[in-house]
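Chemist: After the sequence you'll find the predicted model.
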Amino acid sequence: MVLPSEPEFEQALGELSESIKEFLAANPSYKKAFEVVQVPERVIQFRVVWEDDQGRTQVNRGYRVQFNSALGPYKGGLRLHPSVNLSILKFLGFEQIFKNALTGLSMGGGKGGSDFDPKGKSDNEIRRFCYAFMSELQRHIGADTDVPAGDIGTGAREVAYMFGAYKKLRNEFVGVLTGKGLTWGGSHIRPEATGYGLIYYVEHMIAKACPEYSLNKSETLVAISGSGNVAQYTALKVLELGATPLSLSDSKGTLIAKSTVRGEGFTKEHVEKIAELKLRGGSLESIASEFGSKFEYHAGKRPWTLLPKVHIALPSATQNEVSGEEADALIKAGVRIVAEGSNMGCTPEAIEVFEKSRLAGGPNAVWYAPGKASNCGGVAVSGLEMAQNSQRLNWTQAEVDAKLKKIMADCYEICLDAGSKWSGERKADVLPSLLVGANVGGFIKVADAMRVQGDWW
Ligand code: NDP
Ligand code: 8G0
């Protein structure tokens with residue numbers, strides 16, 4: 001067996017390839033588009049040298065994958081995490097192309113970052129790293145060329161330092177990054193957008209597949225992984241609507257609510273406490289004891305096997321965070337909806353378990369939504385931030401939220417429609433595949449724009 005040289009990228013490519021099979025069989029000319037779209041337009045790799053607090057030289061690898069610009073300037077976040085490598089950034093950049101297409105906004109796909117680990121670094125070290133990183137990246141990006149943003153390890157503080165560096169180096173105040181502060185070009189709802197958008201998407205899924213699990217009911221039990229930007233705002237929207245979040249996790253372990261009694265999950269105050277902890281770079285383990293006897297901390301575990309009863313599962317930490325066995329455990333716990341807040345949150349084995357359950361149909365079938373559909377709200381509001389920057393004006397919170405809701409509704413409809421057409425013959429009680437729908441829907445849009453621009457023929 002040949003081992004994959006870019007395992008995460010090959011996984012993402014394999015998923016798309018499998019999903020669009022039926023469409024390609026009926027439309028063979030698009031096979032050429034698939035061959036072309038899997039090669040990035042440009043990959044930039046660079047050295048980042050920065051000074052630590054002891055005055056020592058530190059060096060990291062910096063990257064920007066400019067994957068596809070058929071629909072607009074490259075758009076996608078910057079990940080700062082020791083695991084970052086080209087395989088991970090190519091998978092993220094590749095998924096971003098089709099996700100951005102599903103938002104209906106004018107954005108191409110890209111992703112970047114560095115193997116720099118922000119954990120345990122001082123504020124001054126973060127600032128010096130961000131300046132050093134941007135001193136090279138600045139020559140490759142621009143408001144009409146490539147517009148990066150945050151991602152894992154890159155929050156509001158890092159975006160602000162990078163924006164400041166770009167401005168100094170280029171003498172331009174332009175919308176070259178999204179996720180900016182509200183007073184200097186940022187958009188309302190951008191911090192909330194991925195989590196809120198995920199829940200807006202899930203509301204459509206529930207309405208069609210299992211209205212009995214409305215998020216307005218405290219009996220509806222929601223498992224969430226992660227405790228960063230996406231997980232926090234996902235939990236807050238679940239709470240605002242009235243359902244019960246039962247878990248949050250981080251790279252060290254999981255905190256769960258022990259009771260399945262209605263309403264006895266995490267509260268808004270709990271989530272705010274965790275948000276404050278994460279801003280300081282702390283771990284859930286360090287505050288678990290403050291949550292009292294109704295909560296339980298499990299070191300080294302993810303939430304999926306820990307909960308006896310779950311209706312909705314929302315992986316929101318990182319890629320490949322649900323295994324096949326964990327998917328089985330979720331099904332045993334009664335899960336009906338699985339939607340990714342993270343990118344490629346489910347392993348291929350987990351997806352197979354969920355898709356099999358969907359195909360079996362009936363009252364216990366699971367419905368799975370891939371991240372490129374269910375988490376597109378984040379990049380969508382980044383697109384709205386770009387639009388506001390171009391006009392040099394700011395929309396209100398209510399305006400942005402309404403646009404986000406509309407974008408998630410339209411994205412869901414595209415997925416449902418393409419899924420109905422291209423996910424095989426189905427019995428009346430079998431739902432269309434949102435996996436196929438998202439991949440085919442996004443692919444057609446990108447492939448068509450590439451064809452008329454002369455990228456394939
Ligand atoms: P954050 O850095 O804010 O939070 C990441 C969370 O996931 C933290 O709880 C972190 O734990 C945990 N985590 C990160 N890496 C790992 C790992 N290798 N193993 C286990 N846990 C891990 O990132 P975001 O919330 O912004 O991103 C989460 C996911 O959502 C990512 O897949 C990202 O690409 C995706 N996404 C984000 C969007 C956004 O707008 N931010 C938009 C769309 C998708 P710890 O605190 O211990 O580090
Ligand atoms: O705003 C963005 O461009 C962005 C930031 C972080 C993650 C994502 C994503 O869609 O995965 C987009």
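Modeler: Perfect, thanks for sending it. Numbers count the residues shown, from 1 in each chain. Ligands and ions are numbered 1, 2, ... in the order given.

Chemist: going forward, measure contacts between C-alpha atoms and count neighbours the same way
Modeler: OK.

Chemist: Now do the strands in this protein.
Modeler: 42-51, 57-68, 74-75, 78-80, 109-114, 146-147, 221-224, 244-249, 253-257, 295-299, 312-314, 337-339, 367-369 (DSSP state E).

Chemist: Of all the residues in the second one, which ones are buried?
Modeler: In terms of neighbour count (16 or more other Cα atoms under 10 Å), strand 57-68 has its buried residues at Asn60, Arg61, Gly62, Tyr63, Arg64, Val65, Gln66, Phe67, Asn68.

Chemist: go on, stretch 296-306?
Modeler: Buried, per 16+ other Cα under 10 Å, within stretch 296-306: Glu296, Tyr297, His298, Lys301, Arg302, Pro303, Trp304, Leu306.

Chemist: Stretch 142-153 too?
Modeler: Buried residues in stretch 142-153, counted by 16+ other Cα under 10 Å: Gly142, Ala143, Asp146, Val147, Pro148, Ala149, Gly150, Asp151, Ile152, Gly153.

Chemist: That one near ligand 2 anywhere?
Modeler: Yes - with Cα under 6 Å from any ligand atom as the measure, stretch 142-153 is seen reaching ligand 2 through Pro148, Ala149, Gly150, Asp151.

Chemist: mind saving the C-alpha coords of that stretch as PDB?
Modeler: Output of stretch 142-153 as PDB, limited to C-alpha atoms (Å, rounded to 0.1, in the frame of the first residue of the first chain):
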ATOM      1  CA  GLY A 142      -4.300  42.600  -0.700                       C
ATOM      2  CA  ALA A 143      -7.900  43.700  -0.400                       C
ATOM      3  CA  ASP A 144      -8.600  42.600  -4.100                       C
ATOM      4  CA  THR A 145      -6.100  39.800  -4.200                       C
ATOM      5  CA  ASP A 146      -6.200  37.600  -1.000                       C
ATOM      6  CA  VAL A 147      -7.900  38.400   2.300                       C
ATOM      7  CA  PRO A 148      -6.800  36.300   5.200                       C
ATOM      8  CA  ALA A 149      -8.500  36.100   8.700                       C
ATOM      9  CA  GLY A 150      -8.200  34.100  11.900                       C
ATOM     10  CA  ASP A 151      -8.600  30.400  12.500                       C
ATOM     11  CA  ILE A 152      -7.300  28.000  15.200                       C
ATOM     12  CA  GLY A 153      -4.800  30.000  17.400                       C
END
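
Chemist: didn't Gln319 look like it was pressed against Pro348?
Modeler: No - assessed by Cα atoms under 8 Å, Gln319 is found out of contact with Pro348, at 11.0 Å.

Chemist: Enumerate the residues of this protein near ligand 2.
Modeler: Selection of the chain residues close to ligand 2 by Cα under 6 Å from any ligand atom yields 75-77, 96, 148-151, 178, 376, 378-379, 382.

Chemist: Let me have the residues you listed in TSV, adding pLDDT and distance to Asn394 as columns.
Modeler: What follows is those, written out as TSV (pLDDT from 0 to 100; distance: Cα to Cα, whole Å):
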residue	pLDDT	distance to Asn394
Lys75	98	20
Gly76	98	21
Gly77	98	22
Gln96	99	26
Pro148	98	20
Ala149	98	18
Gly150	96	20
Asp151	97	23
Thr178	98	14
Cys376	98	21
Gly378	98	17
Val379	98	17
Ser382	98	13
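
Chemist: closest to Glu125 among those?
Modeler: Gly150 (17.7 Å; Cα to Cα).

Chemist: Thought Val159 was touching the closest one, still the case?
Modeler: Yes - at 6.4 Å, Gly150 counts as touching Val159 under the criterion of Cα under 8 Å.

Chemist: anything in contact with each of these two?
Modeler: Thr178, Gly179 (Cα atoms under 8 Å, 6 or more residues apart in numbering).

Chemist: Identify the residue of the stretch 201-350 of the chain closest to ligand 2, quick one.
Modeler: Nearest residue of the stretch 201-350 of the chain to ligand 2 (Cα to the nearest ligand atom) works out as Asn343 at 6.2 Å.

Chemist: pretty sure that residue contacts Ala369?
Modeler: No - at 11.2 Å, Asn343 does not count as touching Ala369 under the criterion of Cα under 8 Å.

Chemist: Can you pick out the residue with more neighbours from these two?
Modeler: Ala369 (28 against 25; other Cα atoms under 10 Å).

Chemist: how much space between the more buried one and Leu416?
Modeler: Distance of Ala369 to Leu416, given as Cα to Cα, to the nearest Å: 10 Å.

Chemist: Tell me the residues that contact both of the two, please.
Modeler: Jointly contacting Ala369 and Leu416 under the rule Cα under 8 Å, 6+ apart are Leu434.

Chemist: List the contacts of the nearest residue to Pro7 once chain neighbours are set aside.
Modeler: Leaving aside its sequence neighbours, Pro7 sits nearest to Ser87 (Cα to Cα, 6 or more residues apart in numbering; 6.6 Å). Residues in contact with Ser87, defined by Cα under 8 Å, 6+ apart, are Glu6, Pro7, Glu8, Phe9.

Chemist: So for the last one, what's the nearest residue that isn't a sequence neighbour?
Modeler: Setting aside the residues directly before and after it, Phe9 is nearest to Phe91 in space (Cα to Cα, 6+ apart), at 4.1 Å.

Chemist: That neighbour touches Glu15, doesn't it?
Modeler: No - Phe91 is beyond contact range of Glu15, at 10.9 Å (criterion: Cα under 8 Å).

Chemist: which of the two has more neighbours?
Modeler: Neighbours were tallied for Phe91 and for Glu15 using other Cα under 10 Å; the higher tally belongs to Phe91 (24 against 17).
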